[in-house]
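Student: Quick one, fold the following:
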Amino acid sequence: MTDGAANQKSMTIIVTKGTLDWAYPPFILATTAAAMGVNTTMFFTFYGLGLLLKKMDLKISTLGNPAMKMPMMGMHMSMPNWMSTIPGIDSMASSMMKNMIKKKGVASIEELREMAIEADVKMIACQMTLDLFEIKKEDLIDGPILGGAATWVDNAVRSDINLYI
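Tutor: Below you'll find the model as predicted:
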C-alpha cells in the first residue's frame, strides 16, 4: 500500500430504500465522494437492493411524505397523506417527478449508477436480501459483489464516514 493510499479517506453507505426520491441521496453522495478521491462503498440491502436491478421502474410514494411539495401552477403544492389512498396518485406523482427531473437536466438514477461504476464505487449486494426476495444474481447489473452484514462491517470499521440512508 502506498503512503497516499494509506491516507486516503473512505466512506460507506448503507442503501435501504428503493423509491425514486430515496435513490438520489446515496448515489449523489457516492459519486461526489468518489470524484473527491474518497474510497466509497455502497451496501444495498432490503428495498435498496432494487436499485441494482437491470430493469428498474422507480416510483415515489406520497404516503408518509408530508414534506413533499411539487411545483405546480406557479406555487409549491404539498401532497396530504390522504391523497395516497387515491388510486393512481403515486403513479401520477412519479410521472411528475420524472418529468421534472428530465426538464431540469438532473441525471437519472441509471446515469448516476453508471457514474458510480465508472468512478470505482464498490457496490455490495446483500446476499441475505437476494435470498429473502428470491432475486437472482443474473437480475442485477454487472459489477456488484455479493456479501452480507459482515462484508459491510469489514469496510465500515476501516472507514472515516459511515452513512445509513
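
Student: pLDDT weak spots in the protein?
Tutor: Along the chain, the parts satisfying pLDDT under 70 run over 1-7, 64-73, 77-82, 84.

Student: Spell out the residue ranges of the helices in it.
Tutor: With helices called from DSSP state H, the chain shows them at 3-6, 20-35, 89-103, 109-118, 127-132, 149-156.

Student: can you pull the contacts of D120?
Tutor: With contact taken as CB atoms under 8 Å, 6 or more residues apart in numbering, D120 is in contact with A34. Any C-beta I mention is one placed from the backbone N, CA and C, and that applies to glycine too.

Student: switch to 10 Å and redo it
Tutor: Taking CB atoms under 10 Å, 6 or more residues apart in numbering as the contact definition, D120 lies against 34, 39-40, 143.

Student: Phi first, then psi, for it.
Tutor: D120 adopts backbone torsions of phi 60, psi 30, taken as degrees, to the nearest 10.

Student: now it: how far from M42?
Tutor: As for D120, its distance to M42 is 12 Å (criterion: CB to CB, to the nearest Å).
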